[in-house]
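Asks: here's my sequence, what's the structure:
(one chain, ligands or ions: 1)
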Amino acid sequence: MDVISLGPGFAAEIRGLGLADVAARDDAYGAVRAAFETHSVLLFRAQPITDELQIAYSARFGPLEIAKAASRGEGTPFSILTNIEPDGSLVPPGHKEALRARANQLWHTDSCFKDPPSLASVLSARTISPIGGETEFASMRCAWERLPVAMRTRLGSAYAWHNYAHSRSKIAPHLASERERASLPPVRWRMRWQNPANGRDSLYLASHTYAIDGVPDSEAQALIAELIDHTTGPGQTYLHHWEPGDVIMWDNRCILHRGRPWPGDKPRHMVRTTITATDADGLAEMRWVRPAA
Ligand SMILES: [Fe+2]
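Replies: All right, here's what the predicted structure looks like:
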């Protein structure tokens, strides 16, 4: 297996091994898992992708999330991001899927608004737009390491609140349906996620994050925005231009990502599987602990 660096301090392309090797062989899984812990974003090119192969690969890393209420793919392990209707036509501007695509253009980590949250996402390109539609990544682990010590100390013991409806409301007031709101109540996580495989800390927040315990709302929202800017600033990101057969896996514990716009008259169809975090991935330490009196 060859590992070719792609981004500033994170992200790598894996060559010499593919998704089918990882699905079939423990040694291939071990090598790719180690690369995932180190590089946080892994690219595989020219994969013979099918739903079955994506599941077989993803399930190696942990239990799979079932897609949330009211999303395409609801009740299955597939989150489908598409502007193509079942009859082959494209959704009009202002359609819920078009608004969802805009919400995906906010910097976020997948499923921080769920309990349990996500370890990783695997995204395969099934139909790509000839222009735009890139995915951009930034490392909250690298961002953590660039923070002043005093800020790391403060955030290391802080807890933040995450809500799916919060990020959706930035795009359109009712983008999160009543059913989605009811099934996804706000959740609270520590703002530092330590990777148990290597002991490296990461910031943990997203566009879904709306409050910090013990911090007035306006101050918390300003700090959240400042930390996202700090993470995603010039020179800190990896922008991926999709090619047919590309599959990317990223670590939701320490990676922010966002979709980039593409022309509404170009079809684009992406399929995501999402792996649930477990205590072995450092989740137990993320849960709120009542402060000592
Ligand atoms: Fe996402």
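Asks: how far does the strand or helix carrying residue 125 sit from its chain's centre?
Replies: Secondary structure from DSSP states H and E places residue 125 in strand 118-127. Distance of strand 118-127 from its chain centroid, counting by C-alpha atoms, centre = their mean, to the nearest Å, is 9 Å.
Asks: buried ones in it?
Replies: For strand 118-127, a neighbour-count test (16 or more other C-beta atoms under 10 Å) marks 118, 119, 120, 121, 122, 123, 124, 125, 126 as buried. All C-beta spots, glycine's among them, are computed from the backbone N, C-alpha and C.
Asks: tell me the angle the helix or strand just after that strand makes with strand 118-127.
Replies: Next in sequence after strand 118-127, counting helices and strands by DSSP H and E, comes strand 135-139. Orientation note: strand 135-139 sits at an angle of 160 degrees relative to strand 118-127 (axes from the mean of the first three to the mean of the last three C-alpha atoms, to 10 degrees).
Asks: ok, and what's touching strand 135-139?
Replies: Residues outside strand 135-139 that contact it (C-beta atoms under 8 Å, 6 or more residues apart in numbering) are 7-11, 40-41, 107, 123, 202, 231-232, 236-240, 242, 248, 250, 254-260.
Asks: in contact with the closest residue to residue 127 other than its chain neighbours, which residues?
Replies: Closest residue to residue 127 apart from its sequence neighbours, by C-beta to C-beta, 6 or more residues apart in numbering: residue 269 at 4.0 Å. Residue 269 makes contacts with 80, 81, 82, 83, 84, 126, 127, as judged by C-beta under 8 Å, 6+ apart.
Asks: then residue 286?
Replies: Applying C-beta under 8 Å, 6+ apart, the residues near residue 286 are 117, 189, 190, 193, 204.
Asks: most neighbours, which of the residues you listed?
Replies: Counting by other C-beta atoms under 10 Å, residue 193 has the largest number of neighbours within the contacts of residue 286, with 28 neighbours.
Asks: just curious, which of the contacts of residue 269 is nearest to residue 141?
Replies: Minimum distance to residue 141 across the contacts of residue 269 is 25.2 Å, recorded for residue 81 (C-beta to C-beta).
Asks: quick check: next helix or strand after the one helix or strand that closest one maps to?
Replies: Using DSSP H and E, the element containing residue 81 is strand 79-82. The helix or strand immediately downstream of strand 79-82 is helix 96-103, counting by DSSP H and E.
Asks: need the contact partners of that next one.
Replies: 71-72, 81-83, 91-92, 167-168, 170-172, 175, 259, 261, 264.
Asks: from those, which has minimum pLDDT?
Replies: pLDDT across the contacts of helix 96-103 is lowest for residue 71, at 71.
Asks: roughly how far does the closest residue to that residue other than its chain neighbours sit from residue 58?
Replies: Among residues not flanking residue 71 along the chain, residue 79 sits closest, at 6.0 Å (C-beta to C-beta, 6+ apart). Applying C-beta to C-beta, to the nearest Å, the value for residue 79 to residue 58 is 12 Å.
Asks: what's the answer for residue 275, then?
Replies: 6 Å.
Asks: swap in residue 125?
Replies: Distance, residue 125 to residue 58, by C-beta to C-beta: 15 Å.
Asks: coming back round to it: which among the contacts of residue 269 count as buried?
Replies: Among these, the ones that count as buried by 16+ other C-beta under 10 Å are 80, 81, 82, 83, 84, 126.
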